[in-house]
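Participant: attaching a predicted model along with its sequence, questions to come.
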Amino acid sequence: MLSATVLERIAIAIASTLSAILIGLVIVAVAGYNPVQFVNQLVVGSFGSERAIVRTLRYSTLFILTGVAVAVAFRAGVFNIGVQGQFIMGGFATVVSIVGIAPLLPENAVGGTILIAIGTLAAIVAGGLYAALPGVLKAYGGANEIITTIMLNFIAIGFVGWLVAGRFNDPEATATRTRQLPEYVELPSPIVSDPNFSLVGLLVMLATVAAVAVIMARTSFGYDMVTSGYQQSAAGYAGVDPKRMIVSTMTFSGVVAGLAGAVFVIMIQGYYTDPSGVGNYGFDAIAVSLLAANNPVGVVPAGLLFGGLESAGSHIQINSDVPVQLIDGIVGLVVLFVAVPELFRMIAKRTGLGGENR
Amino acid sequence: MTASQTTPAVRLEGITKRFGDVVANDSVDFTLEQGSIHALLGENGSGKTTLMSILYGLYDQNEGSISVDGHEQTFDSPRDAMEAGVGMIHQHFQLVPSMTVLQNVILGHEPVDNGLINDGAARGRIEDICSRYEFDVDQYLDTRVEELDLGAQQRVEIVKSLYRGADVLILDEPTAVLTPQEVERLMDVMADLREDGQSLIFISHKLDEALEIADQITVLRDGEAIGTVDTAETTEQDLAQMMVGREVLFDRLERESSTGDPVLEVDGLCMRGDRDRRQVDDIDLTLRSGEILGIAGVQGNGQSELVEGITGLRSVEEGTIRLAGDDITGMNRRRRIENGIAYIPEDRQSEGLVQDYSLVRNALLGNQTIAPYANGQILDWDEVSDHAAEIVEEYDVQPPNPDATAGSLSGGNQQKFIVGREIGHDPDVLVASHPTRGVDIGSVEFIHNRLIELREEGLGILVVSSKLEEIRKLSDRIAVMYEGEFIDVVDPDAVTEEDLGLLMAGHEPTNEPPQQSDPQPDGGGSRD
């Protein structure tokens, strides 16, 4: 399956998604709910109204950005499971830098734009550095990146949580959170007016996808990276320094994850809370990327699917008595059907375990 | 020990094994006498491990038969082979590192009482085996395998096979991972096993070890059994010739001896190999433009490390390397490619080509920072595509389809593609490591002729090969490498086969043919 053609990949992804939904419907029926109504709710909740569509696009933007972050690393054969942590560090850096610098700048649209640029830059740097760390540990210390990146997720959650509750806590807020971004720090919102979504955010996401796709396909750096993922020994023969490649790949992946964090803060949240409650975008991104066969362009439809399911979930939660856990269950089934086997195949190929290459 | 009247322990007749188009074993006959040690000698890729994997039930042969103790057998899996008393100690040990020695030995054959493992019974049997062969394995039965050194792990593997009732043991390159002291110890163990009536097959490419321990030696080359000799009646020199081929079918190619300026100069080069052994020991070498310098030698004498040092794939311990006068010793691989060192790697499957890439994508491998394929960081796929099409046409790559994946091509066509790619960007030096290994005859001719043409065009070419005929056909000078040193540099027109054989076995040709008992230890280098 690692060498399946593009068409086979697409067929596999669609078939497994459909199977997951079908099995989900059986479970819905067994649980005593009406599956036809449930399908109806799924569609209405994800695409049935302008609000639903906007909500789907909002979730999708984040799934796609974090999915691309994962795809970059996986294509290069580096298992960055730490996108969630890099996403958190990036988003938090955005809040801290904008809130910290805002008093120095005029309180108008110009100041807002500059702050957005600074906040985004801070997120990119924070995400990149936070990913470079396990990259360095792997390249120069031999530490398994799967383990270190998972651990660093917990450290990010704990560290940011501590700062949100302490040093950066907003004393005037009732909940535990940081101060809010000034209201003039917001993305312009043409056509669609929604407090938590902006077409500019969507465009940033699409531009990122395009940029990553071009880097992977049309630059020497991208060729080095992808070749390292396919065949490490051939990459070395072709002049790639494997250690530096690992660090560069992780940094690149973390930069995209950090950017996702910035979009989350600027477009949606506006402040930072305890990071255990910001959503699992960085984890679901692994499934998104695998569903897309780690192709940055393929991440777009895969991210839309996850965004749609998430969106339908919040609709169903409010408008029906079907428990939202069923939606989570269906997402889980999709992961189980495509993502997990693919992940293990990749790890097996990489580590020489699993026997296929013996 | 000369048990020709008794039934042989193992008899393989007419074993043929094909992988796709590649013939790994070509009707090989092999007989292991009871209570003897039989060495299976050959270069990498000569088919030794394939043959033994067939005997051990890992592969099915396409033709031929296997008998063990006179009974014809078909083994569908190693379990069948084990039941018939055949055990194999793989080069990479099949032990679970986090489990104890005892657990590893009994794994899959646990003695059970009422559903519970009876440790005591297992201990008893293992202690019996150990005391019989003076093994120390019983002293650390409760130690985890990962805490043992490699020599001890190997003894655990042997005990494991014996515990399962093996009386035929296959040892696949058992000395490759061992220190010299551990090798000695292994030799003692093998001798003890033989004394006790076990029959052993010892796979190796090291002549001296085969001569030291084996009763008989069978040499494989290109999948064929070249011959079987009694150890008492052979010499290192004979064996070296059997391994690398003695039939000189090729004429030396006509050439003008007009060599130019030095393009590559190596001075006092010392390098360490994977196991931290000194593999290249104070090598000096000068390659001129318009010259082919051949490096001959039995595999494992430091040729691979030397090549990796020159091409920038392995760091150098001491010494300098100069390219057209400039010191490149500290230069990384990529800059060396850009500066004109082309490299046809020894392992085309894993290094020279990305198997899942199309030929077009492979045409960029190594060239991804070189104009016209790259402008700065930006790749020009049209140029790469044209380049791939040119290689395919000029080098007659079959099938002539640049979009085919590299993995779908035969070895010969893969190699032609690599040759075409590597000289495509006008290098000054070409390092060709085993350029025709596993390549069909037609492609061999083609590649040879192309190398000679490039020499005429003024390229400096370093050819490493273990095929004597190839080295003699191509080279202007031949350097013979033995234990990390150039033991001599000879004129291919003047040297005889016999002298080359002697040199490759580490002896000066002026000496008396050596007695096999003392193969000049420490001829240079391995002093740790």
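Facilitator: Everything's here; your move.

Participant: tell me the secondary structure at the residue nearest to the spatial centre of chain A.
Facilitator: Geometric centre of chain A, nearest residue: residue A:66, 1.9 Å, by C-alpha atoms, centre = their mean. When classified by DSSP: H, G, I helix; E, B strand; the rest coil, residue A:66 comes out as helix.

Participant: chain B versus that one, what's the distance?
Facilitator: In this structure, residue A:66 and chain B are separated by 26 Å, where distance is defined by C-beta to the nearest C-beta, to the nearest Å. Just so you know, the C-beta spots here come from the backbone N, C-alpha and C atoms, and that holds for glycine as well.

Participant: so what's that residue up against?
Facilitator: By C-beta atoms under 8 Å, 6 or more residues apart in numbering or on different chains, residue A:66 lies in contact with A:83-84, A:87, A:256-257, A:260, A:281-282, A:284-285, A:288.

Participant: which of those residues lies closest to chain B?
Facilitator: Proximity of the contacts of residue A:66 to chain B, judged by C-beta to the nearest C-beta, is greatest for residue A:256, which lies at 18.1 Å.

Participant: and for the residue in chain B that chain A sits nearest to, the neighbour number?
Facilitator: Per C-beta to the nearest C-beta, residue B:334 is where chain B lies closest to chain A, at 3.2 Å. Residue neighbour count, defined by other C-beta atoms under 10 Å in any protein chain shown, stands at 19 for residue B:334.

Participant: Three-state assignment for it, please.
Facilitator: Quick answer, by three-state DSSP: residue B:334 is helix.

Participant: now do the helices in the stretch 51-200 of chain B.
Facilitator: Counting by DSSP state H, counting those that start in this stretch, the segments of the stretch 51-200 of chain B that form helices are B:78-83, B:101-106, B:119-133, B:150-163, B:180-195.

Participant: possible to save the ones you listed as TSV with distance to residue A:293?
Facilitator: Shown next, in TSV, are the helices of the stretch 51-200 of chain B (distance: least, C-beta to C-beta, whole Å):
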stretch	distance to residue A:293
helix B:78-83	36
helix B:101-106	39
helix B:119-133	48
helix B:150-163	40
helix B:180-195	47
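
Participant: in TSV: the ones you listed, plus mean neighbour count, mean pLDDT and distance to residue A:160.
Facilitator: Listed next are the helices of the stretch 51-200 of chain B as TSV, based on neighbours: other C-beta atoms under 10 Å in any protein chain shown; pLDDT from 0 to 100; distance: least, C-beta to C-beta, whole Å:
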stretch	mean neighbour count	mean pLDDT	distance to residue A:160
helix B:78-83	17	89	53
helix B:101-106	23	91	44
helix B:119-133	15	86	51
helix B:150-163	22	88	46
helix B:180-195	16	86	53
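
Participant: can you say which of the ones you listed is nearest to residue A:154?
Facilitator: Evaluated over those, closeness to residue A:154 peaks at helix B:101-106, with 33.3 Å, by C-beta to C-beta.

Participant: show me how far that closest one is from its chain's centre.
Facilitator: Here helix B:101-106 is found 31 Å from its chain centre; the criterion is C-alpha atoms, centre = their mean, to the nearest Å.

Participant: give me the three-state assignment for residue B:201.
Facilitator: strand.

Participant: show me where pLDDT drops low in chain A?
Facilitator: Within chain A, the ranges that satisfy pLDDT under 70 run A:1-4, A:338, A:341, A:348-358.

Participant: the closest residue in space to residue A:84 that isn't next to it in sequence: what's it in contact with?
Facilitator: The spatially closest residue to residue A:84, leaving aside those adjacent along the chain, is residue A:282, at 2.7 Å (C-beta to C-beta, 6 or more residues apart in numbering or on different chains). Taking C-beta under 8 Å, 6+ apart as the criterion, residue A:282 is in contact with A:66, A:69, A:82-88, A:153, A:257, A:260.

Participant: any idea which element residue A:282 lies in?
Facilitator: Element membership of residue A:282, judged by DSSP states H and E, is helix A:281-291.

Participant: next helix or strand past that helix?
Facilitator: helix A:299-319.

Participant: tell me the helix or strand right after that next one.
Facilitator: Proceeding N to C from helix A:299-319, the next assigned helix or strand is helix A:325-334, under DSSP H and E.

Participant: and for residue 77, the neighbour number?
Facilitator: As the question left the chain open, I've gone with chain A. Applying other C-beta under 10 Å, we find 22 residues neighbouring residue A:77.

Participant: meant chain B, my bad for not saying
Facilitator: Neighbours of residue B:77 (other C-beta under 10 Å): 11.

Participant: ok, it - contacts?
Facilitator: B:57-58.

Participant: rerun that using 6 Å as the cut-off
Facilitator: Each residue near residue B:77 by C-beta atoms under 6 Å, 6 or more residues apart in numbering or on different chains is listed here: residue B:57.

Participant: can you count the residues close to residue 52?
Facilitator: Answering for chain A, as no chain was given. Look at residue A:52: counted by other C-beta under 10 Å, it has 19 neighbours.

Participant: that's the wrong chain, I wanted chain B
Facilitator: The criterion is other C-beta under 10 Å. On that basis, residue B:52 has 22 neighbouring residues.

Participant: in the helix or strand hosting residue A:54, what's buried?
Facilitator: Using DSSP H and E, residue A:54 sits in helix A:50-75. By neighbour count with 16 or more other C-beta atoms under 10 Å in any protein chain shown, helix A:50-75 contains the buried residues A:52-75.

Participant: what's the next helix-or-strand element following that helix packed up against?
Facilitator: Past helix A:50-75, heading to the C-terminal end, the next element that is a helix or strand (DSSP H and E) is helix A:83-101. When contacts are defined as 3 or more C-beta pairs under 6 Å, 6 or more residues apart in numbering or on different chains; DSSP states H and E, helix A:83-101 sits against helix A:50-75, helix A:109-141, helix A:145-165, helix A:242-263, helix A:281-291.

Participant: okay if I get those helices as JSON lines plus distance to residue B:286?
Facilitator: Output for the helices and strands packed on helix A:83-101, formatted as JSON lines (distance: least, C-beta to C-beta, whole Å):
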{"stretch": "helix A:50-75", "distance to residue B:286": "44"}
{"stretch": "helix A:109-141", "distance to residue B:286": "37"}
{"stretch": "helix A:145-165", "distance to residue B:286": "45"}
{"stretch": "helix A:242-263", "distance to residue B:286": "32"}
{"stretch": "helix A:281-291", "distance to residue B:286": "52"}
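
Participant: which one is the residue nearest to the centre of chain A nearest to, not counting chain neighbours?
Facilitator: Nearest in space to residue A:66, with sequence neighbours left out and distances taken as C-beta to C-beta, 6+ apart, is residue A:285 at 3.5 Å.

Participant: now stretch B:228-241 - C-alpha only, PDB.
Facilitator: Taking only C-alpha atoms (Å, rounded to 0.1, in the frame of the first residue of the first chain), the coordinates of stretch B:228-241 have been written out as PDB:
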ATOM      1  CA  THR B 228      34.900 -28.600  -3.800                       C
ATOM      2  CA  VAL B 229      38.400 -29.200  -2.400                       C
ATOM      3  CA  ASP B 230      39.900 -30.900   0.600                       C
ATOM      4  CA  THR B 231      41.400 -28.300   2.900                       C
ATOM      5  CA  ALA B 232      44.600 -30.400   3.200                       C
ATOM      6  CA  GLU B 233      45.100 -30.200  -0.600                       C
ATOM      7  CA  THR B 234      44.600 -26.500  -1.300                       C
ATOM      8  CA  THR B 235      46.100 -23.100  -0.700                       C
ATOM      9  CA  GLU B 236      44.900 -19.600  -0.100                       C
ATOM     10  CA  GLN B 237      46.000 -18.700  -3.500                       C
ATOM     11  CA  ASP B 238      44.000 -21.500  -5.200                       C
ATOM     12  CA  LEU B 239      41.000 -20.500  -3.300                       C
ATOM     13  CA  ALA B 240      41.400 -16.800  -4.100                       C
ATOM     14  CA  GLN B 241      41.500 -17.700  -7.800                       C
END
